[in-house]
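Chemist: When you get a sec, could you give me coordinates for this:
(chains A, B, C and D)
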There are 4 protein chains.
Amino acid sequence: MTEGSGGTIGVGMVGHAFMGAVHSHAWRSAHRFFDLPVVPHLAVLGGRDLGRTKAAAAKFGWASVQTDWRELVNSPDVQVVDICTPGDSHAEIAIAALAAGKHVLCEKPLANTVEEAERMAEAAADASAKGVRSMVAFNYRRVPAIAYARKLITDGRIGTVRHVRAVYLQDWLSDEQAPMTWRLRKDTAGSGALGDLGAHLVDATQYLVGEPLTGVSAVTNTFVHRRPTEDGGGLDDVTVDDAALFLGRFAGGAVASYEATRFALGRKNGMRVEVNGSKGSLAFDFESMNELSFYDGAEGDAAGFRRILVTEPTHPYVGAWWPPGHILGYEHTFTHEVVDFVRAIAEGVDPSPSFADGLRVQRVLAAVEQSANDRSTWTDIPGGAS
Amino acid sequence: MTEGSGGTIGVGMVGHAFMGAVHSHAWRSAHRFFDLPVVPHLAVLGGRDLGRTKAAAAKFGWASVQTDWRELVNSPDVQVVDICTPGDSHAEIAIAALAAGKHVLCEKPLANTVEEAERMAEAAADASAKGVRSMVAFNYRRVPAIAYARKLITDGRIGTVRHVRAVYLQDWLSDEQAPMTWRLRKDTAGSGALGDLGAHLVDATQYLVGEPLTGVSAVTNTFVHRRPTEDGGGLDDVTVDDAALFLGRFAGGAVASYEATRFALGRKNGMRVEVNGSKGSLAFDFESMNELSFYDGAEGDAAGFRRILVTEPTHPYVGAWWPPGHILGYEHTFTHEVVDFVRAIAEGVDPSPSFADGLRVQRVLAAVEQSANDRSTWTDIPGGAS
Amino acid sequence: MTEGSGGTIGVGMVGHAFMGAVHSHAWRSAHRFFDLPVVPHLAVLGGRDLGRTKAAAAKFGWASVQTDWRELVNSPDVQVVDICTPGDSHAEIAIAALAAGKHVLCEKPLANTVEEAERMAEAAADASAKGVRSMVAFNYRRVPAIAYARKLITDGRIGTVRHVRAVYLQDWLSDEQAPMTWRLRKDTAGSGALGDLGAHLVDATQYLVGEPLTGVSAVTNTFVHRRPTEDGGGLDDVTVDDAALFLGRFAGGAVASYEATRFALGRKNGMRVEVNGSKGSLAFDFESMNELSFYDGAEGDAAGFRRILVTEPTHPYVGAWWPPGHILGYEHTFTHEVVDFVRAIAEGVDPSPSFADGLRVQRVLAAVEQSANDRSTWTDIPGGAS
Amino acid sequence: MTEGSGGTIGVGMVGHAFMGAVHSHAWRSAHRFFDLPVVPHLAVLGGRDLGRTKAAAAKFGWASVQTDWRELVNSPDVQVVDICTPGDSHAEIAIAALAAGKHVLCEKPLANTVEEAERMAEAAADASAKGVRSMVAFNYRRVPAIAYARKLITDGRIGTVRHVRAVYLQDWLSDEQAPMTWRLRKDTAGSGALGDLGAHLVDATQYLVGEPLTGVSAVTNTFVHRRPTEDGGGLDDVTVDDAALFLGRFAGGAVASYEATRFALGRKNGMRVEVNGSKGSLAFDFESMNELSFYDGAEGDAAGFRRILVTEPTHPYVGAWWPPGHILGYEHTFTHEVVDFVRAIAEGVDPSPSFADGLRVQRVLAAVEQSANDRSTWTDIPGGAS
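Modeler: Numbering: from 1, shown residues only, chains lettered A, B, ... in the order given. Sure, this is the predicted structure:
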């Protein structure tokens, strides 16, 4: 491969807020713990405000800045474009980057609409044919406990999946005086808890089960309709859902229940998934992200949910880190994402989750919104039938 | 009052299977721990098979037996009729007993159909006017942790309720070779996991929130359609749901999620309820029934879900039992039920939950089935609007 | 056998406080759930105050009362004597009862001194030769989870035991104004947390490991030296330990750590035992007494502590009770004790734990006190070497 | 201050194994998340084998290497010396570095003997007078949950401390075939579980309570006396303890229990501390290092141990990281250590824990060994009386 020079690969990242901070850490640190075929070079940081972008670049360790994302995408120093902006700009940037022959890592959800996501998936397919790679940043697949859960399922340890229940519980909007953000505006965020939190649930469960959802029935709710503006100068309308609940069916016959909310007081980052199969069950809670619960039905009267501390060198990704029992954190999932992405680029294979996977999630989110707007009527998901 | 003679009140109980065993214990034991105005006398045990009923009466401590429930209901030795039969006979027995001027305790769900439940509620209202009491045996209201949770809610400790999530997870049908029982036949049981487990969730959450559900959207599923017959001589059709999932809204605006299943491998009696309010949250799991989790949002950076061991003498019902930290069990909830029922009779007030409460649950169950049969379309619950 | 008449066995119980209440329940209820060869008859309740004893007898269901324990012991209606008094009277009553040919169930700790315990064990051995049975009421051996833990150990599931750590944490003396009780006076109680709580730990761990402790090193402490008298009329001296901590060694080489305290604020009945072996580990907490944690080292990277809900019909004692996941309580352990005791009497075998077991515990307690009084110097336990 | 040039401070680190890896990460990353007055420059990595040291330097990001630690200590590029070697070389390197005017961060335990630790503490005191700083790397003080626990204690939230119980449970030696390492040789490691794990417990509890231990009674044990050599060519003697258990007293009257072991099968990094006070209690487990349990006795019948997720921006160190509920990992504690150390250097104050704190720990470890060798006799700790 001819990526970068001298064994490095140039990265250009657009956006430098929360996601920008954690992605920067991943790009900086991945080769310090994992053997990478090429070392990421933090070449260009993109942002609209020059001063703030320069400050972020200095803080996060980027070599240069760029206020025009088109320049960044086309910079010869950049072989990888990492998109950390709100969802409304994903499609335009990603498609331009792929057209410029740049590998693209795009934050989730892939887009704000199915139409955008379809165009992105199409562009990704075209690019792949030319050896240009793309990945959507559903980082929870890179939680060692979730990757290990997937392994147990593919190894047949839980048998046929019958039940999936998944909730993502946060509480930062529980306070009615919490101010507006771009995440509460449909224009920028596309949806509320649904796209922000529900998207993680949909991707993680489709990944774990290894099947698509085929249909949903949904309810969404907005508890607080007007909030103080960011500058405190008045009130503004919340135009997204505060909570989204939906039932679903998987292609293989499992039934599923989902809930995403920012109003579950006391739950800070409660992304929880439980899967019941015919031979065993699995349960996970992101607030205890180093643990996986596993029930093996074959154990007779000694059966019980085991708390597996997923910190052994034999567990996915863990060998690169610390001894058993030494906890990994949130940002490690992004480091793992970078590792897998860089390796896929070097090996010339398509990484996963693909933009097509991102599109599949988008279609579920759209079906949820459609059902919620149509008296919760069951809504099929195109392409959901396996 | 003129109940019984010599300070006792005669009880006649119909049915002597699982529920009969635990009710017998409660009738025998209540006055040993609680001060009761009258002492229950286990007068007559009713059952269809004379030999088996006699054996059960000897085992459980009943003074006599009766194979014809009409005789039992009309016996002068009986002032209270306790109905522990499958749901298809509840209406007939209860209405006859009330007509005969007997107080009635009826197992849940109240009936197999809304129509039956309506007739029962009507009979109960008529009887109440004459001083005859009735109660439906939703025993989970008498779990000290749930009664205490209700107190915290009525005290305003969690503010306005926004979210309810309730699951009842068992796994005894997970094995495809588990044989048929009356619980798997629509004729006798009315429904499957929905009426058996979901009914508890609906009553417990309506009780906790203090509001009715106003509508639902539902999915039901049968995973195993044919099972070995009880005598092992062949296969028989399962005619009820194995799992029921539904979304709902409460009159006050809270959104809710429910799931009842007998296929959650590894979950033995996982009746779990979480309620999130504007000021606090509560969580309960029947597998740890002596514990209540409570989050008080006012505690600032020292806030966290507290594991309250609901075994203090100041907690509901607990003063009659053991010192703090000494665990109570499943059957205690029935003892509490008997205590409250006998006291209400003696005090001349209507106990709770009433047959009207039981009817309200029945209407929710019926709406769930209707929605599940109509593409999950949102289905209003009559009388649900507050 | 010739116990009682008409298939019953007459019980005389001395003492009717906390232990009397729970023993009464066990004697009343055992045959309602278990098949017993003879049915206990609650014949005589003994107590010093006639009025209070009569009230207790009425409440608990005893047929008659007796203020002189010698009369009770010699009553022809009594075949079993159950001793629920403070420790200072155990020896006298038990020895007299055994001499009168009565089977004896004696509350723990067996006695207040080793000398008393030795005489009791001797009397029990003599009585056994004549077919008279005795048992000391270490009821925690009858917690299903602990009985099941013992089974896993004897089945070799955890290999050679290397570590035992056991704590019994309560907090009812944490309040410095909590009043005096007989439990805080050396005269009546023998010792404080050591005999009340530590005795349970010593018996339970010797039972689980299947070996005696051979020596200890100890520290005891009294945090509050004077407390309000029971009648509030002044202050009185606390003459026992508030907390006892000790290290020990088992005959097979395992090292052990113990702590018993009534000052662990927030811990209500935290009797916890963990055992680490060469192949597996076990952990138990009485506050979650229906659960056993089990780690099987053979499970490779899927290993983890399993939460076994010890409520399956195949678990010890559980088959007589409710379906899986339906919680048992504190008093069930006493019911199991009565079941095993009555069956041993009927079968003509010595039940366990024997008075010799009780003596073994007493010797450990004495060694603890001796070490604590001698600068924690290692103190051997007579008979401790296997 | 005149540290480094251009706002950087040069670091020289000796050792590049496990601790070297995690310290490197901390030196590299601290200024990316925290505002530091000077930016650490990873100037020189020291190691005995040139090839392996060069490889480590490339991996971890060090600018140069040095096989002679004396050269490193005296290098003009180095203002801070970070000692990550086994304990037998700590004293020599640290004293030389301080003499050369270099700030010193030294891994724990401070030394292998009290005599060495005394010389180090003396050298540190001398250096401090000249503005040269030193710190011992008890990183657990920088776990946000432990720092927050300390705050709750100093705020008086738990009142007077009565009980401390602390265990550090690992299992990596449970397999009798696990090979030798420097950690199992007295020459290099000083002691076994005692110095490696017990030292953390002693420092953490003295820090939390804010008092020194005044005496101990101890038992140590070696379960496996011979193990395969590193090269597999034979067997070698284990010359340290596999487990150390001890009881202690704090200056203020609290009693304490400690256990450190590498044979607690199934416990991977179970560093657990519980503190019971007169008003409240605290509990911590490193395997769930983002959580702190807090019991507030003032809450009446709503009291219970709260699980505080110590991930709020108001919690110690957390504001620099992610939103609430996003888990921090093991290495974050080292990053916090570097932050506090660098800030102390810049501000011209002595950081904590000091070498004097390290000496205090060493004296406790020595007393433990002495007691264990003297029939567990109570052994006073010099300077332990407050």
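
Chemist: Can you get me the start-to-end distance on stretch A:126-144?
Modeler: One end of stretch A:126-144 to the other measures 32 Å (CA to CA, to the nearest Å).

Chemist: To clarify, my last question referred to stretch A:70-88.
Modeler: End-to-end span of stretch A:70-88 (CA to CA): 16 Å.

Chemist: And the strand or helix carrying residue A:227, what's buried?
Modeler: For residue A:227, the enclosing helix or strand under DSSP states H and E is strand A:226-228. Along strand A:226-228, the positions that meet the burial threshold by neighbour count (16 or more other CB atoms under 10 Å in any protein chain shown) are residue A:227. In this view, the C-beta of every residue, glycine as well, is placed from N, C-alpha and C.

Chemist: Partner strands of it, with direction?
Modeler: strand A:235-237 (antiparallel) (DSSP bridges).

Chemist: Name the residue closest to the centre of chain A, please.
Modeler: Centroid-nearest residue in chain A: residue A:138, 2.2 Å away (criterion: CA atoms, centre = their mean).

Chemist: Give me the neighbour count for residue A:177.
Modeler: Here the neighbour count serves as a burial measure; for residue A:177 (other CB atoms under 10 Å in any protein chain shown) it reads 7.

Chemist: Just give the nearest non-adjacent residue to it, would you?
Modeler: Nearest non-adjacent residue to residue A:177, counting by CB to CB, 6 or more residues apart in numbering or on different chains: residue A:228, 6.3 Å away.

Chemist: Surely that neighbour and residue A:238 touch.
Modeler: No: Residue A:228 is beyond contact range of residue A:238, at 11.0 Å (criterion: CB atoms under 8 Å).

Chemist: any common contacting residues for the two?
Modeler: Between them, residue A:228 and residue A:238 share the neighbouring residues residue A:180, with contact defined by CB atoms under 8 Å, 6 or more residues apart in numbering or on different chains.

Chemist: Please determine how far residue A:244 is located from chain C.
Modeler: Separation of residue A:244 from chain C (CB to the nearest CB, to the nearest Å) stands at 31 Å.

Chemist: typo on my end, residue A:373
Modeler: Summarising the geometry, the distance separating residue A:373 from chain C, computed by CB to the nearest CB, is 40 Å.

Chemist: What distance do you get for that residue to residue B:248?
Modeler: According to CB to CB, to the nearest Å, residue A:373 stands 18 Å off from residue B:248.

Chemist: per-residue pLDDT, residue A:383?
Modeler: On the pLDDT scale, residue A:383 is placed at 78.

Chemist: what's the neighbour count on it?
Modeler: Neighbour count of residue A:383, defined by other CB under 10 Å: 12.

Chemist: swap in residue A:255?
Modeler: Residues near residue A:255, counting by other CB under 10 Å: 24.

Chemist: who does it bridge with?
Modeler: According to DSSP bridges, residue A:163, residue A:249 are recorded as the beta-bridge partners of residue A:255.

Chemist: I'd assumed residue A:246 was in contact with it.
Modeler: No: with contact defined as CB under 8 Å, residue A:255 and residue A:246 do not form a contacting pair (11.7 Å).

Chemist: Show me the domain layout of chain A.
Modeler: A:8-139, A:141-354+A:360-380 (automatic domain parsing).

Chemist: which residue ranges form the helices in the stretch 101-250 of chain A?
Modeler: All helices of the stretch 101-250 of chain A, identified by DSSP state H, counting those that start in this stretch, fall at A:114-129, A:144-154, A:186-189, A:193, A:199-209.

Chemist: what packs against the first one?
Modeler: Looking back up the chat, that one is helix A:114-129. With contacts defined as 3 or more CB pairs under 8 Å, 6 or more residues apart in numbering or on different chains; DSSP states H and E, the packing partners of helix A:114-129 are helix A:90-99, strand A:103-106, strand A:134-136, helix A:355-372.

Chemist: Quick check: can you name the pairing partners of the shortest one and their directions?
Modeler: Strand A:134-136 has the following sheet partners, assigned by DSSP bridges: strand A:103-106 (parallel).

Chemist: I'd like the C-alpha coordinates of the strand it pairs with written as CSV, please.
Modeler: Below are the C-alpha coordinates for strand A:103-106, written out as CSV (Å, rounded to 0.1, in the frame of the first residue of the first chain):
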residue,chain,number,x,y,z
HIS,A,103,-11.1,6.8,3.4
VAL,A,104,-13.9,7.9,5.6
LEU,A,105,-14.8,7.3,9.2
CYS,A,106,-18.2,8.9,9.9
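
Chemist: any idea how far the nearest residue to residue A:278 once chain neighbours are set aside is from residue B:263?
Modeler: Of all residues beyond its chain neighbours, the one nearest residue A:278 is residue A:159 (3.6 Å), with distances taken as CB to CB, 6+ apart. With the distance defined as CB to CB, residue A:159 ends up 11 Å from residue B:263.

Chemist: Find the least confident helix or strand in chain A, judged by mean pLDDT.
Modeler: Across the helices and strands of chain A, mean confidence by mean pLDDT, DSSP states H and E is lowest for helix A:186-189: a mean of 93.

Chemist: Was I right to think residue A:317 contacts residue A:338?
Modeler: No: applying CB under 8 Å, one finds residue A:317 not in contact with residue A:338, separated by 11.5 Å.

Chemist: These two: which is more packed in?
Modeler: residue A:338 (28 against 21).

Chemist: Could I get the pLDDT score of the residue of chain A most remote from its centre?
Modeler: In chain A, counting by CA atoms, centre = their mean, residue A:301 sits farthest out from the average C-alpha position, at 38.8 Å. Here the pLDDT value assigned to residue A:301 is 95.

Chemist: helix or strand for the residue nearest to it when sequence neighbours are not counted, which one?
Modeler: Setting aside the residues directly before and after it, residue A:301 is nearest to residue C:314 in space (CB to CB, 6+ apart), at 4.3 Å. When elements are defined using DSSP H and E, residue C:314 is found to belong to no helix and no strand.

Chemist: what's the offset of stretch A:362-382 from the middle of its chain?
Modeler: Centroid separation between stretch A:362-382 and its chain, computed with CA atoms, centre = their mean, to the nearest Å, is 21 Å.

Chemist: which residues of the stretch 251-386 of chain A fall in strands?
Modeler: For the stretch 251-386 of chain A, applying DSSP state E, counting those that start in this stretch gives strands covering A:255-261, A:270-277, A:280-285, A:291-296, A:305-309, A:379-380.

Chemist: Is the second one in proximity to chain D?
Modeler: Yes: contact of strand A:270-277 with chain D is found when judged by CB under 8 Å from any CB of the partner chain, involving residue A:270.

Chemist: does any bit of that strand sit next to chain C?
Modeler: No: among the residues of strand A:270-277, none lie within reach of chain C under CB under 8 Å from any CB; the closest is 14.4 Å away.

Chemist: neighbouring strands for that strand, and are they parallel or not?
Modeler: For strand A:270-277, the paired strands and their directions (DSSP bridges) are strand A:161-169 (antiparallel), strand A:280-285 (antiparallel).

Chemist: quick one, it and strand D:305-309 angle?
Modeler: For the pair strand A:270-277 and strand D:305-309, the angle between their directions (axes from the mean of the first three to the mean of the last three CA atoms, to 10 degrees) equals 100 degrees.

Chemist: How about the residues of the stretch 51-200 of chain A by chain C?
Modeler: For the stretch 51-200 of chain A, the contact set with chain C under CB under 8 Å from any CB comprises A:148, A:152, A:157.

Chemist: Highest neighbour count among those?
Modeler: Neighbour counts for these (other CB under 10 Å) peak at residue A:148, which has 24 neighbours.
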